[in-house]
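Visitor: Next come a sequence and a model predicted from it.
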2 protein chains.
Amino acid sequence: MHRISFVNGEFVTHEKAFVHIDDRGFLFADAVYEVILYYKNRLIDFDLHIARLRKSLQLIKINNFDVSDAKIKEIILELFAQNNLNTGSIYLQITRGNSPRNLTLPKNIEPTFIATVSPVKSSLTEETLVSIKVMTDIDMRWSNCNIKSVGLLASLLAKQKAIDLGFSDTVMVRDGFITEGTFSNLFIVDQNSTLITRGLDNYILGGITRERLLKLAQLNNICVEEREFSVDELYNAREAFLTSSTIGIVPISSVNDKTIGDGQIGNIVTKLLKLYLDFISMD
Amino acid sequence: MHRISFVNGEFVTHEKAFVHIDDRGFLFADAVYEVILYYKNRLIDFDLHIARLRKSLQLIKINNFDVSDAKIKEIILELFAQNNLNTGSIYLQITRGNSPRNLTLPKNIEPTFIATVSPVKSSLTEETLVSIKVMTDIDMRWSNCNIKSVGLLASLLAKQKAIDLGFSDTVMVRDGFITEGTFSNLFIVDQNSTLITRGLDNYILGGITRERLLKLAQLNNICVEEREFSVDELYNAREAFLTSSTIGIVPISSVNDKTIGDGQIGNIVTKLLKLYLDFISMD
């Protein structure tokens, strides 16, 4: 069976999914994206993802992307069907469109819209948690991390550096405070069992899984704080974990080789995984 | 006549110059570029541009781009010939290559190499200076601006904001000091006729025209300082101007509506344009 992707209104075999070299996504990272989990034939938190996508588009002034929410959902479901996947992730990217390389933002060009699906391997499909070791590093990214832009080279280099040094990922630090993981948000649980994650600002992406877990925690009497926290608070946490739509929830066993809590997978993260699995199973 | 571009070893009509949606340049801005001036059948400072390109590739760990300098030059000259241009600019972009979307850096994939030529309109082709009004704004870019990556959305948004507010461009400010223009370096001339530009660090791109002008100034007894300078020093400058390979030299008449010097095109910038035009005519 051929893998099928979607490019500008057409379903095409993946090998033939091309964009022009004048596409501003290619020339300038003048583009935004979303990755949405499809879990046992359910598209998880579609409305939140699409709201974030439209916010990203607005922030970079792509004002003429006129595909409706319903049409986007139809395309996504059609892609999963054509690719015979009942669990996976959908990648959506919208660029400002094609035009000869121009340092101002051209108006009246048609945005490029591509979508492609992949299998997903994570705690969400295994339904079991495996912890990872991370390091910290200076956050080298731009100051608009709230925009889900495809300008991801800083994150890629940070993640690869961690892997090359024997860690699984990097947690980034700006002005002494944790921002987030390279492609995920970070939560800690302090010694009072309070769940803490950085509040929304322009230095982190407002993760959909982050938002969903905060809601589930509050509904289930887990005390929650959204605020900045330091590397020392991370070191002294009882639990720490990363979240994203595709990795789900990933516990951290150590940071810069300092053990977090007792190094075992904690109670709160275990409870949150259960709540989240229940949520995505009944969404 | 068809416009001809170069994609992965082949000269193709520009309309058919495509890359795959899995190209990491498109998905992640995992790519670097160069723009080189071709002036009256001369390729200007090719060696400096290629050295910078190879430095950018090294910094983002694309280690297997194996097209020689001589071969790159041959491709460029062939493109100008096929497009019947004797003055213009060449855009080169190298990406890590195609692979299914992967947050680690894949090894053993073939880099994508594209090149395309355009006409150029600037003081270099008109041989006369026209000044512009600029504004200042906070530098929102990442902390690796010394890498000429295609992650240019922050610069695009900054430039467009200036245009929307009635200016021609933005000069960016980080921690109280000027970094550079959105796609150019900034020079000022102080009241002692000293030419000042920020020294090389990770917050600016080391422009080739910047480097060439510094050399020409020193050879011609213009006193030069490479150091950080503040917005106030810019306001109080006798002259200010932007430089890049394609715009050449562009004088600034006002910053945030404060007139620079007497608002006229100054002696030093006029002298530098003459020196630079002599240089590119005899390169």
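Guide: Yep, that arrived.
Visitor: what does the helix or strand where residue A:273 lies rub up against?
Guide: Residue A:273 belongs to helix A:267-282 when assigned by DSSP states H and E. For helix A:267-282, contacts defined as Cβ atoms under 8 Å, 6 or more residues apart in numbering or on different chains pick out A:37, A:39-40, A:42, A:44, A:123-124, A:127, A:129, A:189, A:193, A:195, A:209, A:212-213, A:216-217, A:220, A:222, A:238-239, A:241, A:248-249, A:251. C-betas here are computed from N, CA, C, even on glycine.
Visitor: Please narrow the residues you listed to those residing in strands.
Guide: Of the contacts of helix A:267-282, the ones assigned to strands by DSSP state E are A:37, A:39, A:42, A:189, A:195, A:239, A:241, A:248, A:249, A:251.
Visitor: Let me know the closest of the residues you listed to residue B:29.
Guide: Ranked by distance to residue B:29 (Cβ to Cβ), the ones in strands among the contacts of helix A:267-282 are led by residue A:37 at 24.2 Å.
Visitor: Distance of the residue in the stretch 151-283 of chain A that chain B sits nearest to relative to residue B:181?
Guide: Residue nearest to chain B within the stretch 151-283 of chain A (Cβ to the nearest Cβ): residue A:151, separated by 3.7 Å. Distance of residue A:151 to residue B:181, given as Cβ to Cβ, to the nearest Å: 19 Å.
Visitor: what's the answer for residue A:274, then?
Guide: 53 Å.
Visitor: Between these two, point out the one with more neighbours.
Guide: residue B:181 (28 against 13; other Cβ atoms under 10 Å in any protein chain shown).
Visitor: For stretch A:139-158, the averaged confidence score.
Guide: Averaged across stretch A:139-158, the pLDDT comes to 98.
Visitor: Could you do stretch A:75-92 as well?
Guide: 97.
Visitor: Repeat that for stretch A:240-256.
Guide: Averaging pLDDT along stretch A:240-256 yields 96.
Visitor: so does that stretch get close to chain B?
Guide: No. Using Cβ under 8 Å from any Cβ of the partner chain, stretch A:240-256 stays clear of chain B, coming no nearer than 9.4 Å.
Visitor: Might you calculate how far that stretch sits from the centre of the chain?
Guide: Centroid separation between stretch A:240-256 and its chain, computed with Cα atoms, centre = their mean, to the nearest Å, is 12 Å.
Visitor: Report the buried residues of it.
Guide: For stretch A:240-256, the buried set under the neighbour-count rule, 16 or more other Cβ atoms under 10 Å in any protein chain shown, comprises A:240-255.
Visitor: How much space separates residue A:71 from chain B?
Guide: As judged by Cβ to the nearest Cβ, to the nearest Å, residue A:71 and chain B stand 19 Å apart.
Visitor: how about the nearest residue to residue A:245, chain neighbours excluded?
Guide: Spatial nearest neighbour of residue A:245, excluding adjacent residues (Cβ to Cβ, 6 or more residues apart in numbering or on different chains): residue A:37 at 4.8 Å.
Visitor: how about the residues of the stretch 1-150 of chain A near chain B?
Guide: A:5, A:7, A:17-23, A:25-31, A:60-61, A:91, A:93, A:100-101, A:103-105, A:114, A:116, A:118, A:138, A:140-144, A:149-150.
Visitor: Which ones among those map onto strands?
Guide: Among the residues of the stretch 1-150 of chain A next to chain B, the ones falling in strands (DSSP E) are A:5, A:7, A:18, A:19, A:20, A:31, A:91, A:93, A:114, A:116, A:118, A:138.
Visitor: Please identify, among the residues you listed, the one with the most neighbours.
Guide: For these, the largest neighbour count, defined by other Cβ under 10 Å, is 30 neighbours, found at residue A:31.
Visitor: With adjacent residues omitted, what lies nearest to the residue positioned nearest the centre of chain A?
Guide: The centre of chain A sits closest to residue A:244, judged by Cα atoms, centre = their mean, with a distance of 4.7 Å. Spatial nearest neighbour of residue A:244, excluding adjacent residues (Cβ to Cβ, 6+ apart): residue A:184 at 4.1 Å.
Visitor: got it, and residue A:76?
Guide: residue A:90 (5.0 Å).
Visitor: Let me know how buried that neighbour is, in neighbour terms.
Guide: The tally of other residues near residue A:90 (other Cβ under 10 Å) stands at 27.
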